[in-house]
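# model the structure of this input:
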Amino acid sequence: MSGLSILDVFTEDLLVRVRGEIGDELDAKTWRLVCKEFLRVDSLTRSTLRVNRIEFLFQLLEKYPNVRTLDLSLCPRVNDGIISSLLSRTRNSLSWTRSLKSLNLRRATGLRYKGLEMLAIACVCLESVDVSYCCGFGDREAAALSHAGGLSELKMDKCLNVTDVGLAKIAIGCLNLERLSLKWCLEISDLGIDLLCKKCQNLKSLDLSYLKFFQVTSDSLRSIATLPYLEDLALVGCPLVDDFGLQYVGNGCPSLQIIDVSRCESVSSSGIISVIKGHSGLLQLKAGYCFLELSTTALYNMKGLKNIETIIIDGAKLSDSSLHFISTNCKSLVEVGLSKCVGVTDMGIIQLVSGCVNLKIINLTCCHSITDAVIYAIAGSCHSLVCLKVESCHIITEKGLYQLGLFCLLLEELDLTDCCSVNDKALEYLSRCSELSILKLGLCTNISDKGLFHIASKFSKIRELDLYRCVGIGDDGLASLSTGCKKLKNLNLSYCDKITDRGMGYIGSLKELSNLEIRGLMNITSAGLTAVAAGCKKLADLDLKHCEKIDDLGFWALAFYSQNLRQINLGYCALSNVALCMVMGNLTRLQDAKLVHLNYCTREGFELALWSCCGRMKKVKLIAALRFMLSSELLEALHTTGCKIRWD
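So this is what the prediction gives:
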């Protein structure tokens, strides 16, 4: 008995329950390393799998046979051949097809109708599929997806070649569809939407945003109005959706709770009134940047919206009395969006927040006339505030932010971009908001390293920090960040020109960093870039535009260390042909590259570099002159493999 371990007394059921309580990925990794039994239990219980490299897909699916959610959005090279090979493997490797319920294939442009059809037929329990941004997908791919008869959720955003024919296939094959997104599907028209609404009567969520001019009109809304269970309708940026069409919605869609008609230029207060009158149970109303002026009639009808939680009317014309009316009648408001609204004053906002004390999200971007009095009122009334956006509200000072730091202790996101009066003292006051995870301070030129010290000393949970053109900060400030803000994922230091290689060394200690913008840092050399590349192994998005003192040594280090990089901006950088080929060829996950004004690279260098990454790139930005210099074979190969070239 002396040879028995304490772990031997745990049954498999108990270990499964324990493993189910572990949510953090690092803790899960530690669990797997304890012993073989823990590793086996982890393999059996893991239900979500996000694959970073397609070459590991076979092995991972054999290791985790009970996966319910499979994310291949980071594997642009997945194609019909790989799917065919995957599905023809041994019996054990096919067990995942019986458990898979959700499949993410965003940007998988190499996959076509044959591969999709094989997946749809093999994965008999499939309920959710995302093929958004597969721009080449058309009606054949839509027909392939229709074989997944159990689908309840489908996202096809920016599948540019899908027409009414493909939508009809889906409508007939997937009768149980509840959630469908067709944003930017430019070939869909009233005809396809009418058939969809007749066949898929169980639809609860429908997104038709940004459909093509003259294709989707108010006739579509007449069809949509017949959907008995529709709860969420998005029509953002549809130019022919008008007040007449919204009358259909007002008289139909009995279950409607959320409507978004933002940027529908033909919608006015009259259309909004139609929706409000017909749906007293509305929870979210989003009508930003329409031609809105809240008339007395519109306000009167808002009396019935006792349960409304979100009102977003960015760009509307307002008055103090209209905001007072909202505060009196919409007591359940949790989110309000008043960005760029005309007529917003201190008095109006004070009246609003005094009546809507449950507000958690307030957007006052570009409401230029508001002062510290508004911040006092928000801090005094909205103690549950989670997000506040006051970009370009120039009159706000540290006095207002003192109150915010005193009372809004749950604050998680704060946008002070271009609030030029914000200084180090303001950040000291805000440091009481220890839950802050997103802080935007771009163009706040009165912030120095002392201000960053206040951020680092209290904001241990911060994951996104924007310091764009905060020219007063330097290396010492970054030293503070590197010790106090270990969870930083997104960091913008563009045009903070006091920063040198020493500061980049501190950035290299931020192990969780995935997005870094350092454009215009003229004092950064290859030594600084090497420190970042070697230390920040999770880096996925890097902007080096106008970092002109970095030479080939830095780019070689980048090509060697930054294997997770997916987006890069090299505009105006001083790399040679060899370095360009190293970066484009070695970074096998790179999908989006901006390569303009590379004065030390020749046509031959661009040709070799683009051939080395052909087949996995999704976007490349080049100077227009190269359009006539690069070989037609290369351009055709890039186009065939789904790469979009943007000519500058």
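# please, where are all the strands along the stretch 451-600 of the chain?
Along the stretch 451-600 of the chain, the segments classed as strands by DSSP state E, counting those that start in this stretch run 464-466, 490-492, 515-517, 541-543, 567-569, 592-594.
# could those be laid out in JSON lines, adding mean neighbour count, mean pLDDT and distance to Met504?
Glycine gets a C-beta too; all of them are placed from N, C-alpha and C. Shown next, in JSON lines, are the strands of the stretch 451-600 of the chain (neighbours: other Cβ atoms under 10 Å; pLDDT from 0 to 100; distance: least, Cβ to Cβ, whole Å):
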{"stretch": "strand 464-466", "mean neighbour count": "21", "mean pLDDT": "98", "distance to Met504": "16"}
{"stretch": "strand 490-492", "mean neighbour count": "21", "mean pLDDT": "98", "distance to Met504": "11"}
{"stretch": "strand 515-517", "mean neighbour count": "20", "mean pLDDT": "98", "distance to Met504": "10"}
{"stretch": "strand 541-543", "mean neighbour count": "21", "mean pLDDT": "98", "distance to Met504": "12"}
{"stretch": "strand 567-569", "mean neighbour count": "21", "mean pLDDT": "97", "distance to Met504": "16"}
{"stretch": "strand 592-594", "mean neighbour count": "20", "mean pLDDT": "97", "distance to Met504": "21"}
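# and of those, who's closest to Ile361?
Using Cβ to Cβ as the measure, strand 464-466 is the one of the strands of the stretch 451-600 of the chain that comes nearest Ile361, at 16.2 Å.
# how far out from the middle of the chain is the closest one?
Offset of strand 464-466 from its chain centre (Cα atoms, centre = their mean, to the nearest Å): 15 Å.
# what helices and strands are in contact with it?
Counting contacts by 3 or more Cβ pairs under 8 Å, 6 or more residues apart in numbering; DSSP states H and E, strand 464-466 packs against strand 438-440, strand 490-492.
# may I see the ones you listed organised as CSV, with distance to Lys538 added?
Listed next are the helices and strands packed on strand 464-466 as CSV, based on distance: least, Cβ to Cβ, whole Å:
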stretch, distance to Lys538
strand 438-440, 18
strand 490-492, 12
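# where does pLDDT dip in the stretch 51-200 of the chain?
For the stretch 51-200 of the chain, the stretches flagged by pLDDT under 70 are 90-94.
# where along it do the helices fall?
Secondary structure of the stretch 51-200 of the chain (DSSP state H, counting those that start in this stretch): helices located at 57-63, 80-87, 95-99, 113-122, 139-145, 164-173, 190-199.
# isn't Leu626 right next to Phe606, touching?
Yes. Between Leu626 and Phe606 there is a contact under Cβ atoms under 8 Å: 6.1 Å.
# one step back: make JSON lines out of the strands of the stretch 451-600 of the chain and add distance to Lys198.
Formatted as JSON lines, the strands of the stretch 451-600 of the chain follow (distance: least, Cβ to Cβ, whole Å):
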{"stretch": "strand 464-466", "distance to Lys198": "45"}
{"stretch": "strand 490-492", "distance to Lys198": "45"}
{"stretch": "strand 515-517", "distance to Lys198": "44"}
{"stretch": "strand 541-543", "distance to Lys198": "43"}
{"stretch": "strand 567-569", "distance to Lys198": "42"}
{"stretch": "strand 592-594", "distance to Lys198": "40"}
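# and of those strands, who's closest to His383?
With Cβ to Cβ as the criterion, His383 lies closest to strand 464-466 of the strands of the stretch 451-600 of the chain, at 23.6 Å.
# mind listing the strands that closest one pairs with, and their directions?
Here strand 464-466 is paired, per DSSP bridges, with strand 438-440 (parallel), strand 490-492 (parallel).
# chain center to the last one, what's the gap?
Meaning strand 490-492. Its chain's average C-alpha position is 15 Å from that of strand 490-492, according to Cα atoms, centre = their mean.
# what comes into contact with it?
With contact meaning Cβ atoms under 8 Å, 6 or more residues apart in numbering, strand 490-492 is reached by 442, 463-468, 507, 510, 513-517.
# picking that back up, out of the strands paired with strand 464-466, which comes closest to Asp71?
For those, the distance to Asp71 is smallest for strand 490-492, at 20.5 Å, taking Cβ to Cβ.
# go ahead and confirm Gly505 touches Ala531.
Yes. With contacts counted by Cβ under 8 Å, Gly505 reaches Ala531, the gap being 4.6 Å.
# in terms of neighbours, single out the busier of the two.
Of the pair Gly505 and Ala531, Ala531 is the one with more neighbours under other Cβ atoms under 10 Å, namely 22 against 19.
# rewinding a little: Leu626 and Phe606: who's more crowded?
Set side by side, Leu626 and Phe606 show more neighbours around Phe606, with 23 against 18, by other Cβ under 10 Å.
# state the pLDDT value of the closest residue to Gly278 other than its chain neighbours.
Leaving aside its sequence neighbours, Gly278 sits nearest to Gly250 (Cβ to Cβ, 6 or more residues apart in numbering; 3.5 Å). Per-residue pLDDT puts Gly250 at 95.
# residues touching Gly250, list them.
Contact analysis of Gly250 by Cβ under 8 Å, 6+ apart lists Ser274, Val275, Ile276, Lys277, Gly278, His279.
# can you tell me the closest non-neighbouring residue to Lys158?
Sequence neighbours aside, Trp184 is the residue nearest to Lys158 in space, at 4.1 Å (criterion: Cβ to Cβ, 6+ apart).
# wait, what's in contact with Ile54?
Applying Cβ under 8 Å, 6+ apart, the residues contacting Ile54 are Leu72, Cys75, Arg77, Val78, Ile82.
# and with 6 Å instead?
Cys75, Arg77, Val78 (Cβ atoms under 6 Å, 6 or more residues apart in numbering).
# same deal with Ile370?
Shown in contact with Ile370 (Cβ under 6 Å, 6+ apart): Asp346, Cys393.
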